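K.L.:
dropping the sequence and predicted coords here.
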Amino acid sequence: MCSDRLLRWLQALYGLDCLISVCDPADRILLEQHRTAIQANKDASEGALDWFDFFLPAWVRYCWRQGLVEYWHEGSKLNLSSIPMESPDESIPLRLDGRRAEDLIMAARILSTLLAENQLDSYDYRTCPGAFLEETVLTFFVPFKPSEPVNDLRCDTQVNALWGASLNVVTSVRMCAIPTDLIAIPSTNQIKQMRQVLSSALKNLRFAKPSSIRNLLLEDL
């Protein structure tokens, strides 16, 4: 194993440890089995490595930028949504005292679903970090708090700076809403709001109409 792949393998193991430490009990068995398998093999598939290298860091930045993660420092709750953190060079520690782990709990549910459906190697996680690309179909995950309206996905910079011209190959966009409590189903109004703000963020004439964005359930990946 070359040094770069070794580091990515270690990163995947570390990421799994972080997810397992906070995940919902329903997701733990599959994540632990996945960790045991890649540790025993001393390697992992490209999809497994890319998920931790490209999807997870972008997802964590996205959740923090959207203000879905609470972080307390010296007794004060910090306003995370005002901190610039869209760049891939701005890394947020997966383990950090004072933080709640809504972002990791939701990420664990996404990963366990991929493992359950044997779909982890079916997607490209590199081209559009924070989303899944399958040939020309883009799947965008929308984290949300069930009790709050979805007025802004705070993803404009992520989409335009990180994805850029890659969106030119996309012919279909799917939106998958992930609740912070893993249970709630988004209301009809929330789905409408998500479609509207995602359509605006994409800035692409093909998806200018919110109705062009298909709503997808996580289990239907």
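P.N.:
Received it, and whenever you're ready, just let me know what you need.

K.L.:
residues contacting residue 54?
P.N.:
Residue 54 makes contact with 125, 126, 129, 130, according to CB atoms under 8 Å, 6 or more residues apart in numbering. All C-beta atoms are positioned from the backbone trio N, CA, C, and that covers glycine.

K.L.:
quick one, phi/psi of the last one?
P.N.:
So the one you mean is residue 130. Main-chain torsions, residue 130, degrees, to the nearest 10: phi 100, psi 0.

K.L.:
count the residues that sit near it.
P.N.:
The number of residues packed near residue 130 is 23, by other CB atoms under 10 Å.

K.L.:
then the second one?
P.N.:
Close neighbours of residue 126, defined as other CB under 10 Å, add up to 13.

K.L.:
oh, and call the first residue 98 from now on, that's how I've got it
P.N.:
Let's use 98 as the start, then, which means that last one is residue 223.

K.L.:
for stretch 119-133, buried residues please.
P.N.:
Within stretch 119-133, the residues that qualify as buried are 119, 120, 124, 125, 127, 128, 131, 132, counting by 16 or more other CB atoms under 10 Å.

K.L.:
now do the same for it: mean pLDDT, whole number.
P.N.:
Stretch 119-133 carries an average pLDDT of 96.

K.L.:
got the CA coordinates for it in CSV?
P.N.:
Written as CSV, here are the backbone C-alpha positions of stretch 119-133 (Å, rounded to 0.1, in the frame of the first residue of the first chain):
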residue,chain,number,x,y,z
VAL,A,119,-22.1,8.8,18.6
CYS,A,120,-24.3,6.9,16.1
ASP,A,121,-27.9,5.8,16.7
PRO,A,122,-27.9,2.2,18.0
ALA,A,123,-29.8,1.1,14.8
ASP,A,124,-26.7,2.0,12.7
ARG,A,125,-23.9,0.7,15.0
ILE,A,126,-23.8,-3.0,13.9
LEU,A,127,-23.3,-2.2,10.2
LEU,A,128,-20.7,0.5,10.9
GLU,A,129,-18.8,-1.8,13.3
GLN,A,130,-18.9,-4.6,10.7
HIS,A,131,-17.6,-2.3,8.1
ARG,A,132,-14.8,-1.1,10.3
THR,A,133,-13.8,-4.7,11.2
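
K.L.:
which strand or helix spans the residue lying closest to residue 128 once chain neighbours are set aside?
P.N.:
With CB to CB, 6 or more residues apart in numbering as the criterion, residue 128 has its nearest non-adjacent residue at 5.1 Å, and that residue is residue 117. Assigned by DSSP states H and E, residue 117 belongs to helix 100-119.
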